[in-house]
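Participant: Kindly generate the corresponding structure for this input.
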Amino acid sequence: MSTSHRSLLSRLHRLAGAAALVFIASFWLATIIVELRGNISEIVLVKTAIAWGLFGLVPALITTGGSGFALSGGKPTGILQTKLRRMKLIAANGILILVPAAISLAVFAQHGRFDGLFAAIQGIELLAGAVNIGLIGLNIRDGLRLRKPVPKPMSA
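Facilitator: The predicted model follows:
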């Protein structure tokens with residue numbers, strides 16, 4: 001892979017990863033805020049917006065994972081292997097829990113169904129979202145560690 005191609009791919013990876021984190025964190029925070037306020041119309045709005053927001057989040061996660069794998073050279077070891085393991089957990093959490101929960105909660109909210117099942121799914125979604133925020137944060141931290149260190153100026 002050429003240096004310019006690698007640099008472009010690295011920028012794409014950082015941008016997609018940051019976008020994914022912003023999506024997930026904003027979904028999570030918006031949910032907490034409207035649930036605490038208790039305004040039903042706001043809850044319906046946020047749950048619907050999150051479901052539509054998946055059309056931005058899912059491609060951001062796919063781009064992050066794909067570009068990260070390409071940057072790793074296909075056979076990651078060390079920190080890269082750890083990041084890949086986390087990315088697999090992030091993807092599984094998203095596919096198996098977060099996407100179905102977001103869609104279910106949007107449908108329930110639009111139908112005014114705020115029962116125990118809604119609350120249970122909401123709790124699971126918040127927990128799974130917090131886990132993904134934490135895992136993405138760890139991947140960002142480790143990604144920053146992989147960057148070339150900035151040389152320290154020599155002191156006189």
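
Participant: Okay, helices next: where are they in this protein?
Facilitator: Per DSSP state H, the chain carries helices over the ranges 3-37, 40-71, 78-93, 99-110, 116-146.

Participant: Tabulate those (JSON lines), appending mean neighbour count.
Facilitator: Every residue, glycine included, has its C-beta placed from N, CA and C. Below are the helices of the chain laid out as JSON lines (neighbours: other Cβ atoms under 10 Å):
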{"stretch": "helix 3-37", "mean neighbour count": "16"}
{"stretch": "helix 40-71", "mean neighbour count": "17"}
{"stretch": "helix 78-93", "mean neighbour count": "16"}
{"stretch": "helix 99-110", "mean neighbour count": "18"}
{"stretch": "helix 116-146", "mean neighbour count": "15"}
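
Participant: Using JSON lines, please lay out the ones you listed together with mean pLDDT.
Facilitator: Converted to JSON lines, the helices of the chain look like this (pLDDT from 0 to 100):
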{"stretch": "helix 3-37", "mean pLDDT": "94"}
{"stretch": "helix 40-71", "mean pLDDT": "94"}
{"stretch": "helix 78-93", "mean pLDDT": "91"}
{"stretch": "helix 99-110", "mean pLDDT": "97"}
{"stretch": "helix 116-146", "mean pLDDT": "94"}
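
Participant: CSV please, covering these and showing distance to M154.
Facilitator: Output for the helices of the chain, formatted as CSV (distance: least, Cβ to Cβ, whole Å):
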stretch, distance to M154
helix 3-37, 27
helix 40-71, 32
helix 78-93, 28
helix 99-110, 52
helix 116-146, 23
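
Participant: Spatially nearest residue to I140 (excluding sequence neighbours)?
Facilitator: G17 (6.5 Å; Cβ to Cβ, 6 or more residues apart in numbering).

Participant: I meant to write A109 there.
Facilitator: Nearest non-adjacent residue to A109 (Cβ to Cβ, 6+ apart): K47, at 4.0 Å.

Participant: repeat for I79
Facilitator: D142 (5.0 Å).

Participant: OK, contacts around the residue nearest to A109?
Facilitator: The contact partners of K47, by Cβ atoms under 8 Å, 6 or more residues apart in numbering, come to 31, 102, 105-106, 108-110.

Participant: In those residues, find the pair that's most separated.
Facilitator: T31 and Q110 (15.5 Å; Cβ to Cβ).
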